Each structure stands twice: as structure tokens, then as C-alpha cells.
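Visitor: this one's structure only:
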């Protein structure tokens, strides 16, 4: 190992006078005491943990409106049918190709016979919601999507409609 | 030093990573060590390659937006900013002033969040555990605001071509102002805990020396080059978006060692707070979105748009062939360039220094491999 | 329960057994061996239980320092967490890496553990704890240092025997560290010995207790410097942050116990935390008046409890160190020992010399 390299990596210039060593010791003790003070202060600060999942579900965190969680199809309550007209815009717009819509009916009565969304493939970009011409699809603040079988991650029209019952409009940030 | 000729020592070849607690992901370093000294270090990258650039060629300009978040996950807003600016430049779209301000707010908040992660993980690398948790506590405040605004906590997809997903939520400005009030005091506290701690100082000072000449040769950017004394910051050099209207300093340190880089990052957090305060004051009212055609077909051409990410010069290079999809997209990822200089820095360092030096140049592996 | 009651029962039992032996012509040595055996088993079991408790405490302290909660789920405030972890680790597969030296790999943790447990033999638990739980050696302090230093051999064995370069590096660091830090530690202990005039731990405690709380060595100004050196070296002896370079998680993966799993790993783990408690016990014995109560002789609380409280003060301080300080680099670690602590030890020795001569 050549000397130049040593100087560079062992770093700090060594000043060996008694005074500087004493200064170093005092400085060290003060800085270490300060560090310990910080941890002591934080010991008494309130903890930030949330003990998810709670036995009492009402204590669980609820994201605000506009959160990009699980999907829902909105039902038009007056007409008593899904808003979706099965135009397949979302299917085409999805970057990950995780939506599949099976249309049925003709013209004004066009409706989705099946509507699959693979949540496992989805990257929550919300492009599908944005391209929807009739605001029929929404992302909900529902974030508990974990399942034991990956096949359960594919949402079908029944699940989507059920979850959409609470929604009259697309969930947006206010 | 002389050794007896019949005594023989041997260098040890040791494989650091891809599975190692402090290679910040899956970097693999092949170290040749002589006792505790590193004689040679060879980084191997590519374990996180995800063809982010190739994907762009198969997606429309809008569809690629969420992917831009994903390669430098600590700086998702900054990546979006680079991409969205490149596309807007290509299509000749002018966004509204309010939109520009909100974008800058988001980018600066993300810079603070990213530097907080850096601060915490450097603490872990040097064996101090608590700063990590404290930094994540502060970062949580920022992440919560991001979540309220964009609906996601890490990969936001908040910027849109020609605007934003939505306006700021009603409580945003108050919450942010509250955070900006207490955050500088917290920085002081963490400085007491880590930065000014004598053990940390003695460990970081004088290791991983990066000379200005070396920076230029390897095109190192960001806090690393500013830690070597060169005030090179894209926010100043190019002055994109509303940055020319804002007052802030470019912190530099002349020493060029790991500790200087650390100090620069800490000071940058303060400067970001300053920028954010000004932004909140100047935030204009008005529309956030401009009208953009539904089918986006830019003219044939190419653009190269640079922004300052927390890790350095981040640039998006787009070539359009006039279709809906980019013909080619290239990311000038700062981590990739900064990592190249690592073998130079590690020569002659201690094994313990390798993790500290690696931490001090602050790489994000998906950003390196893309 | 009053410790004197245990003592009475124990003595009665012993007398009865001795009578039994004499009646049947068996040498009373058998009773002694039985008594010592019982004492030894009691101490080892106590050590393991305390280790489990210290691990839980560490996690709780770390949690609250880092504004977290620590373990909460198993039992009230998570108190059974480590017991469950121990049960889990018992079921784990015992992995021996290919190319490892089987016997060294096996002997490492065993030696590490045994060396520490032997040290417990001379700790004076209570004023009346001659119930074979304490061996009152007249060279007790030398015995403690000698026996616990053997532990590092276990570390070196496991580091070498694991056939892993990280382990080897950790073992080499451990050897260098223990050798370096034993010197200032001994210098600090010599100061205590000079003041006490004896090497017997029991006698050192008795000498401190004779003058009430102010007789404790920690309250003698000329022993402050040795006390500080003792705390620093004690932290280094138990390989804890800021001196945890043999394991150095972020550098050496896990250092010398990288390749261990199952019960062997548990031995390392338990020993490490037991060692911390042991340093606490030693510190309490040497500097904080051992089993003596700070309230004076009239205190109804048994001395054993006071010893536990005092040792846990040390444990908490060591935990506070760990969750605050960054780790030293290997050269700085050596520098601290040889450039600062050993000269400081000699200075302390000189001060104590003067103090002993003139006070």
C-alpha cells in the first residue's frame, strides 16, 4: 500500500499536540452526550405505530377520497343498471392489459356481460378511470386486497358492482 | 514496512452482494481485500434490470407515465417531472403557472423525502439504527400529503401531460406549512444525533475522496459533485420551470469526502424547505390543466429535458417518429453515472468504509439498472 | 419472599442430607457436590431466563427510543415474545455449511456459552448466598477475567470453522478487539483491587457496604476514571455498538455467526445478552456495592433484588449506547483502546496510587 493512498483513506490530518488531543476528547464527549440526549428525548415522544389490523375495525386507517385502491363499477341508481356501456376504452388504455370487458347488447342497450380486472397485475395508475367516457369505473379507498390464492385477485363484474353500491360518483380528491 | 521473506500473505476475494444488508438493493461488489483494506472493487450491476426504456416503445405517451415513477422509486415525482416536461416540450404544450408551482412543490417535497431516506440508510450503514426510524417518521408526513393528493404513497402518477391529476386537497397548504415549521428543528436534532457525532465524523471524514477532476471524468452529478466544491445544479444551470423565480442557495463543500457529501445533502434539505415556503407564498390561483388532444401525436423530432433529481442530473431523451408511441426513450439516470466512480473511491479504503462510501454516493439500484 | 427463608430451608435440607449420608456411610462430599450442582443449575437457569428478559427489554427499549412500540402481541406488553422466539428457534434446522469444520463449527457456540456461564460462579448474589451458588474464590476477579476471555476462542473457532469469509473477518476482528480491550479493562480493575486490597468479589462488596452508600466505589472520586473505562471496555467486551465490529451487520452480514442457525445461533444470541447482564453484575459488584441496599441495613428488600436492579441499570445504559451511537471502524477501535483508554488507565492507576497512599 503506497503512502499517498494511506493518507487519503485514513483521512483526518493528525495533529498530535496535547492541546488538540484534549480538545478532541472534550469535543467527543460533548457530541456523544448530545446524541444521547436526542435519543432520550425521542424515548418520551409519542410512538408513531399503528397496530394494524385492529380487532375493532373502526380503528383501522381509512384513506381519504381519491385514494387509488380497489376497483368498483358505479350503478346508475335511477335507471337501476350499471353506468358502463362496455365501450372497452379502459381495456385499450390499460398499460398492463389487466382489464377484460365482454360486451353484450346493441346500441344504447350495450352493457358489460363480464368485466374482469386483474388487481394483481394492476399498477394503480388510474388511466382506465380517466378514459371512461361515462364515469362508470372508479378506484375506491379500499386497500385490503390480500388473498391466499392469486386467482382471487381477478375481480369479476359481481364483485365490482357490489363494491360500487356505496358510490354515486367517481371517488376524487377534494 | 519490511516483512520476513518466508512469511506470505494472501489477498482475499470476497463477494459483497447481491445479497448483503447494505448494498442498497442488489448491487454486487467483488472486493479484493488485503486484511481489512480494499485493493480492488468491481461493481456488477444489472440484477434489477426491468427494461424501462424498451417498455416506452410499446406504450403511448400517456400510458408510459406510471412507468416513469417506477425506476427511481425514491424520487417518483422528479421522474414524472422530467418525463412530463420532455413530452410537453415535444408537443409544444404550455402548462398553467399554478400547475408549474404545484409540480415544483411536489418535486421539492420528494427531494426532502429522498434525502431523509439517504440520511437514515447512511445511519444504518455506519451502525446507527435510530436515525433511520426518525427519518422515516418525518418522511411519513410528506408521504401522507402525497397520498392525500395523488392517492398513492410511493408511485404517485400524479402529473399528467398538460397538467395534473387533480388540484391540491383543501388541507394541503396548512399541513405542509405545519411540516415546514417543525422540520428544520428536526434536522438540527438529527445533526446532533448523527452528523455531529464524533464517531460518525471520524468515520466519514477523509474517506471516498472525490476530486473535481474525477467528477468531470465520470460525469458525476448532484450532491456528489457539489460535495467536491463545484456548484453544478440543473435548477440553476438550466433554470427550468419556476426555479428562476425562487431564491435558494446551492450548497457546496470543498472537501470532496463522504462527510462533505453528507453535509451537502443535509443543507439541501434546508434549501428545499426554503423553496417550499416561497412556493406556498407565491402559489397562484387558477386552472391546473390545459387542453391536450385525446390522441397525442407529437411531431417528428427529439428532445432532451434535464431536471435536478436528489441524486443528480436526471434527463429524459425522447425521440418521436410522429406516431402515438415514442420511437426511443432514454433515461440519463444519475445513479448509474455516480456508481461508475465507485471503484476509484474504494481503492485503499477499509471494508467498513465500503458501505459508508456506497451510502454517501446515494444510489438507487432500479435507477442504475432501469 | 425473604432470601433468609430460602437460606434456612437450604441449610436444613443440607443438614438432613449430611445426616443421611453419615448414617449410610457415604462421604459427605456427595452432599457438597449435590449442593454445588443445584447452585450451578440454578444460576444457569437464571442466566437463561434473564437473557430472555434482556432480549425483550432490548426490543422494548429500542422500540421506544425509535418511537415504535416493540413487541406487543404475545402476552401482556409482549413479554412472552422472546420465549416464543426461543421455542421457534428450537424447531429450526441446524445447518452446517459445506466445507465447514464440523467440530470447530459445533464447539464455537458451546465454548462461547460455557466460558460466560463459568464466570457466573463467583458473582456474590446475596449476603448469605453461600448456598453453593457463589464460590468465594480469593482470586475471584482474576478468575472472571480469565474465564470470560476464553469466550473469544469460541468466536474465532466459529469464524474459522464456518468456511465463510465474512465469518473469518468477523472472528479476526473479535480476536483483535478482545485482546486490545482486556488491557484497559484490567487496568481499571486493578484500580479497584488496589483500593479494596483483595481479589475476592465477595470481600470487595463487603468492604463497600461497610460505610453505607457513600462507601460504594462509584462515589469515590478517584475511582471515577476507572469506572468510565470499565463501562467503555465492558461495552467492547460484549461486542455491542459502538464496538460491535465482529458482527457489524451492515458490513460483515452477521460476522462470526453468519453461518449459524437453530440452537447454535440461539446459543450465540443468548450468550451475547447474558454477557451484557454479566457485565452489569460485575459493574454492580465492583462499583455499586453489590447486594447492599442504598437505604441502609434496615431495608427489607433482599440483597439479591438490589443486585438485579443495579445490574439492570448497566444493561439499560448499554442498550442506550447501542441505539444511539454509530459503529467505530476497526482502526479507530484499536486507536481508542491503545491511544486513549490504556493511557487513561495508567493515569487512573497513578491517581489511585496517590489516593490509597494518602487518604
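Guide: It's in. These figures come from a predicted structure and were not determined experimentally.
Visitor: any idea which element residue B:303 lies in?
Guide: Assigned by DSSP states H and E, residue B:303 falls within strand B:301-309.
Visitor: from the middle of its chain, how far away would that strand be?
Guide: Distance, stretch centre to chain centre, for strand B:301-309: 16 Å (Cα atoms, centre = their mean, to the nearest Å).
Visitor: Just give the number of residues close to the residue in the stretch 1-150 of chain B that chain C sits nearest to.
Guide: Per Cβ to the nearest Cβ, residue B:127 is where the stretch 1-150 of chain B lies closest to chain C, at 2.8 Å. Quick note: C-beta positions are derived from backbone N, CA and C, even for glycine. Using other Cβ atoms under 10 Å in any protein chain shown, residue B:127 is surrounded by 29 other residues.
Visitor: Please name the residues that touch it.
Guide: Going by Cβ atoms under 8 Å, 6 or more residues apart in numbering or on different chains, residue B:127 touches C:241-242, C:244, C:248-250, C:325-327.
Visitor: Quick check: residue C:46 vs residue C:148, distance?
Guide: Going from residue C:46 to residue C:148 by Cβ to Cβ, to the nearest Å gives 17 Å.
Visitor: again with residue A:156
Guide: Note on residue A:156: its distance to residue C:148, by Cβ to Cβ, is 66 Å.
Visitor: likewise residue B:210?
Guide: For residue B:210, the distance to residue C:148 - Cβ to Cβ - is 44 Å.
Visitor: what about the two, which has more around it?
Guide: Legend: neighbour count by other Cβ under 10 Å for residue B:210 and residue C:148, higher for residue B:210 (27 against 23).
Visitor: what stretches of chain C score poorly on pLDDT?
Guide: C:1-7, C:127-135, C:297-298 (pLDDT under 70).
Visitor: Pull up the residues of it that are close to chain A.
Guide: With the criterion set to Cβ under 8 Å from any Cβ of the partner chain, chain C comes near chain A through C:63-69, C:72, C:320, C:323-325, C:331, C:340.
Visitor: same deal with the stretch 51-200 of chain B?
Guide: For the stretch 51-200 of chain B, the residues in contact with chain A (Cβ under 8 Å from any Cβ) are B:59, B:62-67, B:70, B:130, B:134, B:137, B:140, B:147-152, B:155, B:157, B:165-167, B:169-170, B:189-190, B:192-194, B:196-199.
Visitor: List the buried residues of the helix or strand that contains residue B:43.
Guide: Secondary structure assignment for residue B:43, by DSSP H and E: strand B:37-44. Neighbour counts over strand B:37-44 (16 or more other Cβ atoms under 10 Å in any protein chain shown) mark B:37-39, B:41, B:43 as buried.
Visitor: Ramachandran coordinates for the closest residue to residue A:76 other than its chain neighbours?
Guide: Nearest residue to residue A:76, sequence neighbours excluded (Cβ to Cβ, 6 or more residues apart in numbering or on different chains): residue A:83, at 4.9 Å. Torsion angles at residue A:83 (phi, psi; degrees, to the nearest 10) stand at phi -70, psi -30.
Visitor: wait, residue A:83 sits on residue A:135?
Guide: Yes: shown here, residue A:83 and residue A:135 form a contact pair, counting by Cβ atoms under 8 Å, at 6.9 Å.
Visitor: Give the residue from these two that has the larger number of neighbours.
Guide: With neighbours defined as other Cβ under 10 Å, residue A:83 and residue A:135 compare such that residue A:83 has more, 17 against 13.
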